[in-house]
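# fold the following for me, if possible:
(one chain, ligands or ions: 1)
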Amino acid sequence: MYQLHEYDSATTLNNALATEISKQLKEAIAKQGKATLAVSGGHTPIALFNLLSQATLDWSKVYITLVDDRWVDKHHEASNERLVNTHLLQNQAQSAHFISLKADTTKPSEGLAEVQARLEQNLPMPIDVLILGMGDDGHTASLFPHAKNLAAGLDMHSEKLVIDMQPLTAPHERITLTLPVILASRHLYLHLVGETKKEVLHQATQGQDINEMPIRAVLQQDKNPLQIYWAK
Ligand SMILES: O=C(O)[C@H](O)[C@@H](O)[C@H](O)[C@H](O)COP(=O)(O)O
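Sure thing, here's the model as predicted:
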């Protein structure tokens, strides 16, 4: 279940998406006194982060986490936490609370219990707004094609909030929110820029095999309408 919103430029898309997200965060704060936002890493969200960080809302009531992170040092150039620190937790959004998906262990599998406990204690659930990206191999979050732990990450009966993942198609071990956590979010977005992403999306909608393209798990489900924002 999904709806496709198409834009002529990334700038127009980012303005529309930032406006929509800040409206939903404000609504959540008005209703619940707080709001939760989960964001992806990679290149696509950088301009959106810069815009969102300037939105006028009570960021001290917003709890931000990542959909996934690479198991590298927080200062490593591949760290999604570093990306969020640099581009989102700035300007107005400086007062938001950030809940990290990293622990000080060599492998993500060794840090899962600590991260799970941290999320349970600090992250208001369900997540109000969750923004996914998509890789050219059809991964989303860090749910990677044919990865050993993919089935565990997709298990809708699992009570795990996070799971470790070793991609076969990308560098770095990862930690990722599981599919049940992603689909429990109140507003679910897929943020895509460029013709290649459009082709990958088309390919994903043409087949059924989730192991081959895990983004299909989000496209095929009927629990939560996915809003796809795409620009040329
Ligand atoms: O850490 C990550 O790799 C992401 O969270 C991942 O799921 C990302 O959204 C896609 O790989 C798209 O990345 P780009 O925006 O760089 O194409």
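# all contacts plus neighbour counts: C-alpha atoms, from now on.
Fine.
# where's Asp222 relative to Asn122, distance?
Using CA to CA, to the nearest Å, Asp222 is found at 29 Å from Asn122.
# actually Lys223, not the one I wrote
25 Å.
# Ser60: neighbour count?
14 (other CA atoms under 10 Å).
# contacts only, for it.
Ala93, Ser95, Ala96, His97 (CA atoms under 8 Å, 6 or more residues apart in numbering).
# can you rerun that using 6 Å?
By CA atoms under 6 Å, 6 or more residues apart in numbering, the residues touching Ser60 are Ser95, Ala96.
# before we move on, what about Arg174?
By CA under 6 Å, 6+ apart, the neighbours of Arg174 are Asp69, Arg70, Trp71, Asp164, Met165.
# check the first one and give its pLDDT.
Among the per-residue scores, Asp69 shows a pLDDT of 98.
# ok, stretch 89-100 near the ligand or not?
No: Stretch 89-100 lies apart from the ligand when judged by CA under 6 Å from any ligand atom; the minimum separation is 13.4 Å.
# list the buried ones in that stretch?
Leu89, Gln90, Gln92, Ala93, Ala96, His97, Phe98, Ile99, Ser100 (16 or more other CA atoms under 10 Å).
# using CSV, write down the CA coordinates of that stretch.
Extracted C-alpha coordinates of stretch 89-100, given in CSV (Å, rounded to 0.1, in the frame of the first residue of the first chain):
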residue,chain,number,x,y,z
LEU,A,89,20.7,18.7,15.3
GLN,A,90,21.5,22.2,14.3
ASN,A,91,19.7,25.6,14.3
GLN,A,92,16.3,25.3,15.9
ALA,A,93,16.6,21.5,16.2
GLN,A,94,19.6,21.8,18.5
SER,A,95,17.4,21.2,21.5
ALA,A,96,16.0,17.9,20.2
HIS,A,97,16.9,14.7,22.1
PHE,A,98,19.0,12.3,20.1
ILE,A,99,19.0,8.6,20.9
SER,A,100,21.9,6.8,19.4
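# what comes into contact with that stretch?
Taking CA under 6 Å, 6+ apart as the rule, stretch 89-100 contacts Ser53, Gln54, Trp59, Ser60, Val62, Tyr63, Ile64, Thr65.
# show the buried residues in those residues.
Using 16+ other CA under 10 Å, the buried ones in the contacts of stretch 89-100 are Ser53, Gln54, Trp59, Val62, Tyr63, Ile64, Thr65.
# biggest separation within those, which pair?
Gln54 and Thr65 (18.0 Å; CA to CA).
# after the lengthiest helix in the chain, which helix or strand is next?
Longest helix of the chain, by residue count under DSSP state H: helix 10-32. Toward the C-terminus, helix 10-32 is succeeded by strand 35-39 as the next helix or strand (DSSP states H and E).
# anything in that following strand near the ligand?
No: judged by CA under 6 Å from any ligand atom, strand 35-39 stays clear of the ligand, getting no closer than 7.6 Å.
# starting at the chain centroid, how far to that strand?
9 Å (CA atoms, centre = their mean, to the nearest Å).
# is it true that Val87 touches Asn50?
In this structure residue 87 is His, not Val. Yes: using CA atoms under 6 Å, His87 makes contact with Asn50 at a distance of 5.4 Å.
# check which helix or strand covers Glu159.
Using DSSP H and E, no helix or strand contains Glu159.
# and it, how many residues sit next to it?
Residues near Glu159, counting by other CA under 10 Å, number 10.
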